[in-house]
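**Student:** next comes the sequence, and after it the predicted model I'd like to discuss.
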Amino acid sequence: MGRGIGSLATKSMIATAALAGFLAFNPGARAQTAATPAENAAAPTADNAVLLTIFLKHDQSRPLSELNAQLEKQGYYKAFPPAGTEVVSWYVMMGIGQVVTLRLPASRLREVNRVIENSAWGAYRTEFYPTYDYKAVGIANHDKAQ
């Protein structure tokens, strides 16, 4: 069985637990309301940046032209990605939809979620995976082990 549904379910539970932990212990996490101007002005730094990978899964029961019309009507193309977030990658995953990775200050995580809820739901089912940049640490550990 190795890499079947159990593996995906486990990854989803881990991502959910990580996000719940982040929200529980982050003093900036509160009810979903409009972001304050100070939060909008925040820029990602080494101290506060998170990477957020968003799976935008197409509703395959409807044609693409209908999905795009719905996204346009809901203001998705205007609202996403929010100003001040860095697009690290944006790919089409054939048969799935789109996979977008953003870099943003952790304090803006709620704002990005709200943009997706308000403008993408209906055309897409969504999954969120907040992460952090580990590249420098991983390479340093590898180099140290040589």
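**Tutor:** Perfect, I can see it now.

**Student:** for Ser61, which three-state class applies?
**Tutor:** coil (DSSP: H, G, I helix; E, B strand; the rest coil).

**Student:** check the burial of it by counting its neighbours.
**Tutor:** Look at Ser61: counted by other Cβ atoms under 10 Å, it has 6 neighbours. Where you see a C-beta, it was placed from the backbone N, CA and C, and this is true even at glycine.

**Student:** tell me the mean pLDDT for stretch 90-105?
**Tutor:** Here stretch 90-105 scores 94 as its mean pLDDT.

**Student:** keeping just the C-alphas, turn that stretch into CSV.
**Tutor:** Only the C-alpha atoms of stretch 90-105 are listed here, as CSV (Å, rounded to 0.1, in the frame of the first residue of the first chain):
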residue,chain,number,x,y,z
TRP,A,90,2.4,29.1,-10.1
TYR,A,91,1.8,25.9,-12.1
VAL,A,92,-1.0,24.2,-13.8
MET,A,93,-1.2,20.6,-12.7
MET,A,94,-3.0,18.8,-15.5
GLY,A,95,-6.1,17.0,-14.3
ILE,A,96,-5.9,18.7,-10.9
GLY,A,97,-5.9,22.5,-11.4
GLN,A,98,-3.4,25.1,-10.3
VAL,A,99,-0.7,25.0,-7.6
VAL,A,100,0.5,28.4,-6.3
THR,A,101,3.2,29.1,-3.8
LEU,A,102,3.3,32.5,-2.2
ARG,A,103,5.8,34.1,0.2
LEU,A,104,4.2,36.4,2.7
PRO,A,105,4.4,37.6,6.3
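
**Student:** list the buried residues of it.
**Tutor:** For stretch 90-105, burial by neighbour count (16 or more other Cβ atoms under 10 Å) applies to Gly97, Val99, Val100, Thr101, Leu102, Arg103, Leu104, Pro105.

**Student:** could you find the closest non-adjacent residue to Asn48?
**Tutor:** Pro105 (4.6 Å; Cβ to Cβ, 6 or more residues apart in numbering).

**Student:** in the sheet, who's paired with the one you found?
**Tutor:** Ala49 (DSSP bridges).

**Student:** heads up, I number from 431, so please use that
**Tutor:** OK, 431 is where the count begins now, so the last one is Pro535.

**Student:** ok, it touching Ala479?
**Tutor:** Yes - with contact defined as Cβ atoms under 8 Å, Pro535 and Ala479 form a contacting pair (6.5 Å).
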